[in-house]
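Novice: Sequence and predicted model, in that order:
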Amino acid sequence: MKLVQFREKTGLDTSLRLGALVSHDRICELKFQGTMKDLIDAWEKDAEYKSRVERDIAGAVTTRTVSEVQLCAPLTDPEKLIFVGLNYVDHAAESNMSVPEKPVLFTKFNNSIIGSDESVIIPSEVKQCDYEVELAVVIGRTAKCVSEDNALDYVFGYTVINDVSARDIQLTEGQWTRGKAIDTFAPLGPHIVTADEISDVHNLDIRLTLNGEIMQNANTKDLIFNVPYLVSFLSRTITLKPGDVISTGTPPGVGLGRTPPVWLKDGDVTEANIQGIGTLRNRFKGE
C-alpha cells in the first residue's frame, strides 16, 4: 500500500485525512479518524487491522484525484526523527570526513517537516543551503533491544526525505542540530510505501535532481550501515516507537562536495526519487 495524508483544498475543514493511492493519481479515503501515526499505532495493536484497511480499499466505491486535494507529509507528528550522517563511503569522502566506525547521528523535529510540493524556506542567515536525498524508515512496532535478524519485522514502511542542510551553520558551530533542524528543512513524502511492497530495501536506485539536472545518483546497496543494523543499533539504547523515522543518510553528489560548491537559492526545485517509493518535489524560497 501507498498511504498518504491530505487536507481539503477549499472550505473550512482543514483536518488531516488518511488515504491510500489506488493508482498513480487517485486516492481512496480511509475510514480512520486520526493521523498516520495513530494508524500505525492501531496497526501495531491489532494484527487484523491491515486486512481491514485492505478490504476498505478494495471495496471503495468513490475515489478522488490527487489534484483535488492538498497532499501533506505522510507523517506530521512522529515522536522521533533520527538522521544518520556519512552513511555512504563516497559521501564521507566528498565531505572530507572519515568513514565512521559507528553511525553518526543527529535529530530533527516536527517543525522541520513539510510535504511534497510545499516550499522550503531558506532563512536569511543561511548562505550555504544544501540538498540530501535519503531513504527514510518508518517504524511500525515498539522496538527495544531487537536483533538485526528480526529488525525488519519492526519496520512499517519507507518514504523519501530531503535532509536539507545549512552548511555554514552545521560546519562552523561544533554541532549539527541548529544547521539541520531548521523550519521546513525535512521535506518528507509523498507517501509511505508499506514494507511488504519493497522486496529488497538494499537494492533501490536513489537520486536527486536540481532544476532538472541529476545531482545524486546511487543505490541503497552502498549504505555503510544497513537498515537492520540501524534499527538494532538504535534500539539498544533508544526505544523506537510506532511512527518514528530513521533517515539512513545521503549518497554522494551534494552541493558541498562539488567544485565550485552548489548552494540552493530562491526559485530552485529539487526532485528526490527512490525506486519503488516515489518522488518528493520541493521549491526553495528565500526568507
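Specialist: Structure's in. What do you need? This structure is a prediction, so every number in the text was calculated from the model and none was measured.
Novice: Most distant residue from the centre of this protein?
Specialist: What lies farthest from the middle of the chain is V61; by C-alpha atoms, centre = their mean that is 30.8 Å.
Novice: Tell me which helix or strand that one sits in.
Specialist: Taking DSSP states H and E as the definition, one finds V61 inside no helix or strand.
Novice: can you give me the strands for the stretch 101-250 of the chain?
Specialist: Here the stretch 101-250 of the chain has its strands, by DSSP state E, counting those that start in this stretch, at 104-108, 113-114, 119-122, 129-130, 133-139, 155-162, 165-166, 186-194, 205-210, 213-219, 245-247.
Novice: mind putting those in CSV, mean pLDDT, mean neighbour count and distance to A272 included?
Specialist: Glycine gets a C-beta too; all of them are placed from N, C-alpha and C. As requested, the strands of the stretch 101-250 of the chain are exported to CSV (pLDDT from 0 to 100; neighbours: other C-beta atoms under 10 Å; distance: least, C-beta to C-beta, whole Å):
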stretch, mean pLDDT, mean neighbour count, distance to A272
strand 104-108, 97, 18, 16
strand 113-114, 98, 24, 13
strand 119-122, 98, 19, 12
strand 129-130, 98, 24, 13
strand 133-139, 98, 27, 4
strand 155-162, 98, 26, 5
strand 165-166, 98, 26, 14
strand 186-194, 97, 26, 8
strand 205-210, 98, 20, 5
strand 213-219, 98, 16, 8
strand 245-247, 98, 25, 12
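Novice: Let me have these in TSV, extended by distance to D46.
Specialist: Formatted as TSV, the strands of the stretch 101-250 of the chain follow (distance: least, C-beta to C-beta, whole Å):
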stretch	distance to D46
strand 104-108	30
strand 113-114	27
strand 119-122	37
strand 129-130	42
strand 133-139	17
strand 155-162	14
strand 165-166	39
strand 186-194	15
strand 205-210	33
strand 213-219	36
strand 245-247	22
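Novice: Nearest to K45, out of the ones you listed?
Specialist: strand 155-162 (13.0 Å; C-beta to C-beta).
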